[in-house]
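Participant: Need coordinates for the below:
(one chain, ligands or ions: 1)
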Amino acid sequence: MHPSEPVLRGSGDKPTSPSLLANPLDFISEDHLRERQVCAGIDGLTMADTLDRQAATSVLRFLNEELTVHLRDEAEDLFPLLARRCTEEDAIEGAIDRIRAEQDEAMRLLPQVRAMLASCLDTGAGLSAEDRAVLSRFAGHVRRHLVAENAILLPIARARLTRADLRTLSKHMRSRRGLSDFAETTDAE
Ligand SMILES: [Fe+2]
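Facilitator: Down below sits the predicted model:
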């Protein structure tokens with residue numbers, strides 16, 4: 001592939017392709033597209049009269065298999081790398097604090113969201129008004145998280161992280177997904 005060739009973007013309908021892990025910031029950006037699609041799916045669930053089982057199943061699968069790993073990529077690797085590389089004029093700490101607060105709120109609601117979707121799928125019951133309100137709040141936190149990260153953190157990360165940082169990030173993200181590290185690349189620092 002030509003180095004300047006843009007990476008093909010998915011629609012966010014499926015889990016982000018592991019082939020993007022070689023470019024971890026692209027992977028995270030693609031994960032945000034995926035989160036946006038899932039939030040639209042959650043909006044659909046909150047507005048529908050009857051439960052769309054297929055939509056509820058794909059939201060639940062995303063919550064169980066993808067979201068927590070994404071949040072760990074950021075909390076355990078991306079944010080510490082950014083904190084290390086950014087200068088005072090980047091004024092990034094406040095942004096990271098706000099993004100963490102949105103993540104914390106989403107994580108606080110996550111067990112409840114999972115349980116209510118699993119229960120509706122098990123019993124065939126519909127979502128209560130209270131369930132719908134919790135789902136909406138959850139989607140709001142996830143959306144604010146990804147919008148702030150796309151607007152503030154990812155552009156700064158692209159400017160500030162070194163190639164060694166990106167390799168470390170890629171390695172940790174692969175390991176978190178049970179994938180072996182890429183073979184050592186030949187590119188020099
Ligand atoms: Fe994120």
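
Participant: pretty sure K171 is touching S180, no?
Facilitator: No. Taking contacts as C-beta atoms under 8 Å, K171 lies outside contact range of S180: 9.8 Å. From N, CA and C alone the C-beta is placed, and that goes for glycine too.

Participant: Of the two, give the one with the bigger neighbour count.
Facilitator: K171 (17 against 8; other C-beta atoms under 10 Å).

Participant: Can you tell me the element that one falls in?
Facilitator: Following DSSP states H and E, one finds K171 within helix 163-176.

Participant: And the longest helix belonging to the chain, what does it pack against?
Facilitator: Ranked by residue count and defined by DSSP state H, the top helix of the chain is helix 92-123. Helices and strands touching helix 92-123, by 3 or more C-beta pairs under 8 Å, 6 or more residues apart in numbering; DSSP states H and E, are helix 53-62, helix 68-72, helix 79-85, helix 129-148.

Participant: how about those helices, which one is nearest A106?
Facilitator: Closest approach to A106 among the helices and strands packed on helix 92-123 (C-beta to C-beta): helix 129-148, 4.0 Å.

Participant: What helices and strands are in contact with that closest one?
Facilitator: If contacts are counted by 3+ C-beta pairs under 8 Å, 6+ apart, helix 129-148 sits against helix 24-47, helix 92-123.

Participant: Need the contact partners of the next helix or strand after it.
Facilitator: Downstream of helix 129-148, the next assigned helix or strand under DSSP H and E is helix 154-160. If you take C-beta atoms under 8 Å, 6 or more residues apart in numbering as the criterion, helix 154-160 is touched by L25, I28, S29, L78, L81, L82, R85, C86, D90, I92.

Participant: Going by neighbour count, which of these are buried?
Facilitator: Listed as buried from the contacts of helix 154-160 are L25, I28, S29, L78, L81, L82, R85, C86, I92; burial here means 16 or more other C-beta atoms under 10 Å.

Participant: Looking at those residues, which is nearest V142?
Facilitator: For those, the minimum distance to V142 (C-beta to C-beta) is 14.1 Å, reached by I28.

Participant: can you pull the contacts of the closest one?
Facilitator: Counting by C-beta under 8 Å, 6+ apart, I28 has contacts H70, D73, E74, L78, E149, L154.

Participant: Now those residues in a markdown table, please, with extra columns for distance to G140 and pLDDT.
Facilitator: Formatted as a markdown table, those follow (distance: C-beta to C-beta, whole Å; pLDDT from 0 to 100):
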| residue | distance to G140 | pLDDT |
| --- | --- | --- |
| H70 | 17 | 94 |
| D73 | 22 | 96 |
| E74 | 18 | 94 |
| L78 | 22 | 96 |
| E149 | 15 | 94 |
| L154 | 20 | 95 |
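
Participant: Can you add distance to L127 and give those residues back as CSV?
Facilitator: What follows is the contacts of I28, written out as CSV (distance: C-beta to C-beta, whole Å):
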residue, distance to L127
H70, 25
D73, 30
E74, 29
L78, 33
E149, 28
L154, 33
